[in-house]
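Participant: here is my input, please return the structure:
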Amino acid sequence: MKKYWHVIAAALFMIPNDAASQNFPEKRVINVNLSKTAGPLPDMLNACVGAGRAAEGLRADWQQQLAYVRKECGFRYIRMHGLLNDEMAVYTRDEKGNPQYNYMYIDVLFDFLHSIGMKPFVELGFMPSALASGSKTIFWWRGNVTPPRDYEEWEKLVQHLVTHFTERYGAEEVKSWYFEVWNEPNLEGFWAGSQADYFKLYTHAASGIKNVNPAYRVGGPGTAGAAWEPEMIDYCYQHKVPLDFISTHAYGVKQGYLDEFGHSGTVLDKNPASVSGDVLQSRAEIAASKMPELELHYTEWSASYTPADPIHDSYHEAAYVLQKLKQAGRAANSMSYWVFTDIFEEPGPRFTPFHGGFGMLTIQGINKPVFYAYQLLNRLGSTELANKDSASWICRDSSGNVQALMWDFTNTHPGDSVHNQRYYVRDLPSKEKGKLQLNVAGMAAGQYAVELYKVGYNNNDAYTTYLSMGKPAQLNKQQVEFIKQQNNGAPVSRTIISLKEKALFTKTIDVRENDVFFINILKI
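Facilitator: Predicted structure coming up:
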């Protein structure tokens, strides 16, 4: 592991200076050979995805969208806030002050997750008001962020909940889950206590979980900005507190960590190592610690931390996400994109179709460009081919088919003087970036269907279509269907070719800023 740490630490300095605006030559060439592999494609790419809060998961439209995203993008886990909020009716007290537990709403939600083949990445929060030490809340839906008035009662609640999960789903199933204690306790808005108070909260939660089954996985601290990681590990090591994984968050903008309304304005960071540098540093810190084998989970990440940032709707987001995942490599066990849907009410219900929401889909189920980035990732074969290119994955599957996912990420943001909220709301035509040539050696003889998919300006770019319609404040059913049809993810071309034994497949494409391409080579 220490050797691995040196590799990761070195990687911090290997992200090219021009990675944020890739200065590829006029003709960028990618050479791969089917006989030269890099091993299995990392399964962290679509391991987990985020959602706003548990109560939203009781809505029919939320469930329909999640089933669709699960099917198309392959996410295996989902993490969300508010499992213990009062609206979930989990915990109260009777007239004599005795705890009353109720899991009917959680059961509806978790049963649905299991029905579509997903597992919960359980975030334990926020504090039920009947157990809370204060009245401080966050967001429109009033999640209580105060410590428990009785830590022993908090532990009993966690233990009772996990016992219920075991009885309902079985110990073997729950062993495959993750339990994360709280959300971003390093921010005053999310945690009214101190770091020491959080460690106490964590200790009692971990005890409650392990009392049910020592094999269940618990971790934290779920901080903003990759904070408290060494402190968390040191505390758990010194006090012999169970810790199975480190979790934290990173976003790609330069200021603040909590602004659900987007009023302060955000600026996309020009640092080529934003987000990915945090991930690599987190892995290095774990590797250098007393617990070097810990898993690392980035349980929230995106270009921006506010659900009022138009970069989330923009075609730029698709290339941005792919670039950061590629840079992070295998340093994390999961990187959970925040979030899958704009059905998300931290600032309250939203009233416009495109409002910079975190989601991959709008409230009305329109696919954003970032949805297609994850959909195309999910279409890659299980074996990654050796590839020196810094902005692509080339893979093959067991049937002899080849998949190439390639992109250009160019940070076109004008700089600190302009907020994202003013820049990414515009019509932003992309500029030419030259040509890209893919060469695949070692192909078997035969006929192949070659499909080309594209995401970029005016290609699976729903927001630009919306702009061309005059930005209506509301979309009727026909307008929604029009935008969906114009951006339906269909291939832009499909051709049939014949190759001789061990022939070289070659394909050249014109590239513009922030284009994403997927070439699917299917043996007929």
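
Participant: can you give me the helices for the chain?
Facilitator: 2-11, 60-73, 104-115, 151-169, 171-174, 195-212, 229-239, 276-287, 316-328, 369-378, 420-423, 462-468, 477-486 (DSSP state H).

Participant: who does the last one touch, helix- and strand-wise?
Facilitator: What it means is helix 477-486. Applying 3 or more CB pairs under 8 Å, 6 or more residues apart in numbering; DSSP states H and E, we find helix 477-486 packed against helix 462-468. Bear in mind the C-beta positions are built from the backbone N, C-alpha and C, glycine included.

Participant: contact partners for the nearest residue to Tyr374 once chain neighbours are set aside?
Facilitator: Leaving aside its chain neighbours, Tyr374 sits nearest to Cys73 (4.1 Å; criterion: CB to CB, 6 or more residues apart in numbering). By CB atoms under 8 Å, 6 or more residues apart in numbering, the residues touching Cys73 are 46, 49, 360, 371, 374-375, 377-378.

Participant: that older thread, in a markdown table: the helices of the chain, plus distance to Glu293 and mean pLDDT.
Facilitator: A markdown table is the format used below for the helices of the chain (distance: least, CB to CB, whole Å; pLDDT from 0 to 100):
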| stretch | distance to Glu293 | mean pLDDT |
| --- | --- | --- |
| helix 2-11 | 10 | 42 |
| helix 60-73 | 29 | 98 |
| helix 104-115 | 28 | 98 |
| helix 151-169 | 24 | 98 |
| helix 171-174 | 22 | 98 |
| helix 195-212 | 17 | 98 |
| helix 229-239 | 11 | 98 |
| helix 276-287 | 8 | 97 |
| helix 316-328 | 19 | 98 |
| helix 369-378 | 27 | 98 |
| helix 420-423 | 38 | 94 |
| helix 462-468 | 43 | 98 |
| helix 477-486 | 45 | 98 |
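
Participant: nearest to Met127, out of the ones you listed?
Facilitator: helix 151-169 (8.0 Å; CB to CB).

Participant: that closest one vs helix 195-212, what angle?
Facilitator: Put simply, helix 151-169 runs at 40 degrees to helix 195-212, going by axes from the mean of the first three to the mean of the last three CA atoms, to 10 degrees.

Participant: going forward, begin numbering at 16 instead of 1
Facilitator: With the count now opening at 16, the last piece we talked about shows up as helix 166-184.

Participant: which outside residues touch helix 166-184?
Facilitator: Against helix 166-184 from outside (CB under 8 Å, 6+ apart): 99, 105-106, 114, 116, 118, 121-122, 125, 129, 139, 143, 146, 163, 189, 192, 194, 215-216, 219-220, 222-224, 226-228, 231.

Participant: cutoff 7 Å now
Facilitator: With contact meaning CB atoms under 7 Å, 6 or more residues apart in numbering, helix 166-184 is reached by 106, 114, 116, 118, 122, 139, 146, 163, 189, 215-216, 219-220, 222-224, 226-228, 231.

Participant: ok so, going back, which among the helices of the chain is found nearest to Leu519?
Facilitator: Closest among these, using CB to CB: helix 384-393, at 23.9 Å.

Participant: circling back to that earlier point, distance of the residue nearest to Tyr389 from Phe355?
Facilitator: Separation of Cys88 from Phe355 (CB to CB, to the nearest Å): 8 Å.

Participant: tell me what the residue nearest the centre of the chain is bridged to.
Facilitator: The residue lying closest to the centre of the chain (CA atoms, centre = their mean) is Tyr352, at 1.3 Å. Under the criterion DSSP bridges, Tyr352 forms beta bridges with Val64, Trp316.
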